[in-house]
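>>> Kindly generate the corresponding structure for this input.
(one chain, ligands or ions: 1)
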Amino acid sequence: MTSLPPNDITEVLPPQSRRSMRAASEAGQPSLAALEARNISAWFGDHQVLDRVSLTMPAGVITSLIGPSGCGKSTFLRILNRMHELVPSASLAGEVLIDGSDIYNADRKLVDARKSIGMVFQKPNPFPAMSIYDNVLAGLKLTGTRASKDERDFLVENCLTKAGLWREVNDRLRSPGGGLSGGQQQRLCIARSLAVTPAVLLMDEPCSALDPTSTRVIEETMLELVNDVTIVIVTHNMQQAQRVSTQCAFFLAAQGQPGGIVEHGDTDAMFSDPIDSRTYDYVNGVFG
Ligand SMILES: Nc1ncnc2c1ncn2[C@@H]1O[C@H](COP(=O)(O)OP(=O)(O)OP(=O)(O)O)[C@@H](O)[C@H]1O
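Numbering: from 1, shown residues only. As a prediction, the model looks like this:
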């Protein structure tokens, strides 16, 4: 893991972008976007792990991806912001559209996809020696975005507030991110993702390393955030899927076969009255 020097968040965001960034935040205007996966297939070498998966993840909604271990949920999630291609043996087919525009289009830069589609991982991964303040701003550096001191201060407060962490850390912003509790570190990672104003936030089992109290706080944060950002979450926690998500997609891979979506739709319906008996068995803990 690399770490950026504390004062190395430099300041040259074009004034127009800065104004629009601030105006959007100040007005609380969501930059919401729908995400659509069309016929996604994925391979590691010659091992196919997903077969023609299509799913629409509507704007301003939390979508849960559920299913047993190894059926391709995380691979699907990583395809949604072009992380799958970081694995040397990995390949894929299909399209991922954000508000109708394919993130894999040859004209689009990788960094644009990462900026508009953020990711929070299973294990909180702040830069441990970097201050809380600079952790929030780390994405600006990576995406080549610059901002003045005032703008950085504003952004740090705004993102930590949205991530539900501001009140707990505003008196120690220069302390290392690694000194926070696991739940606080995860909210710091959420704040870091928000700093580049993504339209979509992908979360891969964001609470699996956390205690129940921290889990609840993250869930409340997600429910607040969804007014501003479309959320897609992978979770093994069926109660969590029911608590936070409006829609659910159930992934499954038969023995030796690539994974796919068995059923997707309204979360309440998926849990109370699923169409497919395999969905019924999974959400009722018959297998998993
Ligand atoms: N980097 C990799 N190299 C090779 N195979 C991989 C890699 N990552 C995942 N796989 C394989 O791809 C398949 C799908 O894995 P994936 O992690 O997407 O499933 P998952 O449903 O998210 O599982 P879990 O719920 O346990 O996280 C599995 O067979 C896994 O072994």
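
>>> Backbone dihedrals for D46, both of them.
Per-residue torsions, D46: phi -100, psi 10 (degrees, to the nearest 10).

>>> distance of it from the ligand?
Using CB to the nearest ligand atom, to the nearest Å, we find D46 at a distance of 11 Å from the ligand. (C-beta placed from N, C-alpha, C; glycine too.)

>>> just G182 next, same as before
Here the criterion is CB to the nearest ligand atom. By it, G182 lies 19 Å from the ligand.

>>> Any idea how many residues pack against that residue?
14 (other CB atoms under 10 Å).

>>> all strands of the stretch 1-150 of the chain, in order?
Assigned strands in the stretch 1-150 of the chain, in chain order: 35-44, 47-57, 62-66, 90-98, 101-102, 117-120 (criterion: DSSP state E, counting those that start in this stretch).

>>> okay but D204 is in contact with V120, surely?
Yes. Assessed by CB atoms under 8 Å, D204 is found in contact with V120 at 7.2 Å.

>>> follow-up on the earlier one: most tightly packed of the strands of the stretch 1-150 of the chain?
strand 62-66 (a mean of 26; mean count of other CB atoms under 10 Å).

>>> Stretch 209-225 and the ligand in contact?
No. On the criterion CB under 6 Å from any ligand atom, stretch 209-225 is out of touch with the ligand, staying 13.1 Å away.

>>> What is the distance between that stretch and the centre of its chain?
Offset of stretch 209-225 from its chain centre (CA atoms, centre = their mean, to the nearest Å): 14 Å.

>>> Beta-bridge partners for the nearest residue to L97 once chain neighbours are set aside, please?
Closest residue to L97 apart from its sequence neighbours, by CB to CB, 6 or more residues apart in numbering: E36 at 4.4 Å. Beta-bridge partners for E36, by DSSP bridges, are T56, L97.

>>> Could you tell me the model confidence score at E36?
Per-residue confidence (pLDDT) for E36: 97.

>>> Now distance to L223 too, for the strands of the stretch 1-150 of the chain, in a markdown table please.
Formatted as a markdown table, the strands of the stretch 1-150 of the chain follow (distance: least, CB to CB, whole Å):
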| stretch | distance to L223 |
| --- | --- |
| strand 35-44 | 19 |
| strand 47-57 | 16 |
| strand 62-66 | 8 |
| strand 90-98 | 22 |
| strand 101-102 | 28 |
| strand 117-120 | 15 |
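
>>> How about K162: what's its closest non-neighbour residue?
L194 (5.6 Å).

>>> and the gap between that neighbour and V136?
Distance of L194 to V136, computed by CB to CB, to the nearest Å: 8 Å.

>>> higher neighbour count, the two?
More crowded of L194 and V136, by other CB under 10 Å: V136, with 32 against 25.

>>> so who does the closest residue in space to F44 that isn't next to it in sequence touch?
Setting aside the residues directly before and after it, F44 is nearest to S89 in space (CB to CB, 6+ apart), at 5.2 Å. Going by CB atoms under 8 Å, 6 or more residues apart in numbering, S89 touches W43, F44, G45.

>>> Could you report the neighbour count for the last one?
What it means is G45. Using other CB under 10 Å: G45 sits among 10 other residues.

>>> surely G94 meets D51?
No. Counting by CB under 8 Å, G94 stays clear of D51, with 10.1 Å between them.

>>> shared neighbours of those two, anything?
Residues touching both G94 and D51 (CB under 8 Å, 6+ apart) are S41.
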